[in-house]
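**Q** this is a predicted model, with the sequence first.
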Number of protein chains: 2
Amino acid sequence: MKKLEEVILYQIDLTTKVAKHYSQSELTRLNLGITIEQWIVLKIISENENFTQKELAIKSYRDPAAITRTIVILEKKGFISRKKVANNARAHCVSLTSKGISFVAENMKIINKHRELSTKGISQTELETLSSVLSKIRKNMS
Amino acid sequence: MKKLEEVILYQIDLTTKVAKHYSQSELTRLNLGITIEQWIVLKIISENENFTQKELAIKSYRDPAAITRTIVILEKKGFISRKKVANNARAHCVSLTSKGISFVAENMKIINKHRELSTKGISQTELETLSSVLSKIRKNMS
DNA sequence: ATAAATTAGTTGATATGTCAATTAATAAAT
DNA sequence: ATTTATTAATTGACATATCAACTAATTTAT
């Protein structure tokens, strides 16, 4: 029977935790007043103007219920706004306010530094293997 | 500027989410009445009889506060019990009850199936690369 | 020996994850 | 056309993540 440390899924989970812990503590240290999950939502919106909440949930692989709550928070912080979709009165689409646009622009560098740091000393080949193996694992568990 | 999907940390996080989603839905489907996090705590205790809560927190890379709450739940479910440590009145050590021991034994097979499924079609070499790259990433972000 | 610092665990507050139930709008079926 | 089913979003309930504040026990520093 394998020890927990040898289990691949455990190692992946552990890596997520370590990375999130690091990035969150940096965001806190820099007083950005935002969580990782909130950042990811802002980033997705900046790449996909006028996504609906449903599209946001799919892209971020989060529950629509969770998205609703994060969006309420980001709206209170003044980073985003919700509008009714023209041809569908059920759906809401989300877009960055000017404050949201500058926030993403100003802090992209910090996030990019974390990303660069994460792959330091890892070869391109290794990264490609990582990417492809992770993708296989996701396919196996879908 | 990289799209979110190309970011390694994002891919790792996504894989964790997909895997947990799959495993949790299986545990629910089989009516085990337990969460993944609770299972991991049980598994760690079964591998390390009489761990203190602090050791549990370190091993599972979770906050001591979170461990306290999970332990209270597992105690209510009758899977574990807490005892005072002989030479340290602050520390509590945790051990499986007989119910907990049989629960882990009975369900280990199910969990092992998930683990086998997760690495289906992935070579040993790829798995070793994955393991070593994940370890490098964790080192980079510590 | 006493005061100060550290340690293990708990509790509170806020954000998130997950699932079920609900509401309102839209689409499909008959 | 009216009923039925589906869809997008919200809300409630409970478990978890994180951080700060707190208690009680133990060290250490003086």
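**A** Alright, I've got the coordinates. Residues are numbered from 1 along each chain as shown, chains lettered A, B, ... in the order given.

**Q** chain A: strands as residue ranges?
**A** A:51-52, A:80-85, A:88-96 (DSSP state E).

**Q** how big is the angle separating the last one from strand A:80-85?
**A** In this case it means strand A:88-96. If you take axes from the mean of the first three to the mean of the last three C-alpha atoms, to 10 degrees, strand A:88-96 sits at 150 degrees to strand A:80-85.

**Q** ok, and what's touching strand A:88-96?
**A** Strand A:88-96 is contacted from outside by A:42, A:45-46, A:49-54, A:56, A:71, A:79-85, A:104, using C-beta atoms under 8 Å, 6 or more residues apart in numbering or on different chains. Using the backbone N, CA and C atoms, a C-beta is placed for each residue, glycine as well.

**Q** ok, of the residues you listed, which come out buried?
**A** Buried members of these, counted by 16 or more other C-beta atoms under 10 Å in any protein chain shown: A:42, A:45, A:46, A:51, A:52, A:53, A:56, A:71, A:79, A:80, A:104.

**Q** out of the strands of chain A, nearest to DNA strand C?
**A** strand A:88-96 (3.1 Å; C-beta to the nearest atom of the strand).

**Q** so what's residue A:11 up against?
**A** Residues in contact with residue A:11, defined by C-beta under 8 Å, 6+ apart, are A:5, B:130, B:131, B:134, B:135.

**Q** pretty sure residue A:121 contacts residue B:133?
**A** No: applying C-beta atoms under 8 Å, one finds residue A:121 not in contact with residue B:133, separated by 10.0 Å.

**Q** okay, these two: which has more neighbours?
**A** Ranked by neighbour count (other C-beta atoms under 10 Å in any protein chain shown), residue A:121 and residue B:133 place residue B:133 first, with 22 against 10.

**Q** from what I see, the more buried one and residue A:127 are in contact.
**A** Yes: Residue B:133 lies in contact with residue A:127 (C-beta under 8 Å); the separation is 7.4 Å.

**Q** can you give me the helices for chain A?
**A** Counting by DSSP state H, chain A has helices at residues A:8-29, A:36-47, A:53-60, A:64-76, A:98-118, A:124-140.

**Q** buried residues, the fifth one. List them.
**A** What it means is helix A:98-118. Residues of helix A:98-118 classed as buried: A:100, A:103, A:104, A:107, A:111, A:114, A:115, A:118 (neighbour count, 16+ other C-beta under 10 Å).

**Q** now tabulate these in CSV and tack on distance to DNA strand C and pLDDT.
**A** Shown next, in CSV, are those (distance: C-beta to the nearest atom of the strand, whole Å; pLDDT from 0 to 100):
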residue, distance to DNA strand C, pLDDT
A:100, 15, 96
A:103, 15, 96
A:104, 16, 95
A:107, 15, 93
A:111, 15, 89
A:114, 17, 88
A:115, 19, 90
A:118, 19, 94
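
**Q** make TSV from the residues you listed and add distance to residue B:90 to it.
**A** Output for the buried residues of helix A:98-118, formatted as TSV (distance: C-beta to C-beta, whole Å):
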residue	distance to residue B:90
A:100	47
A:103	44
A:104	46
A:107	41
A:111	40
A:114	36
A:115	40
A:118	37
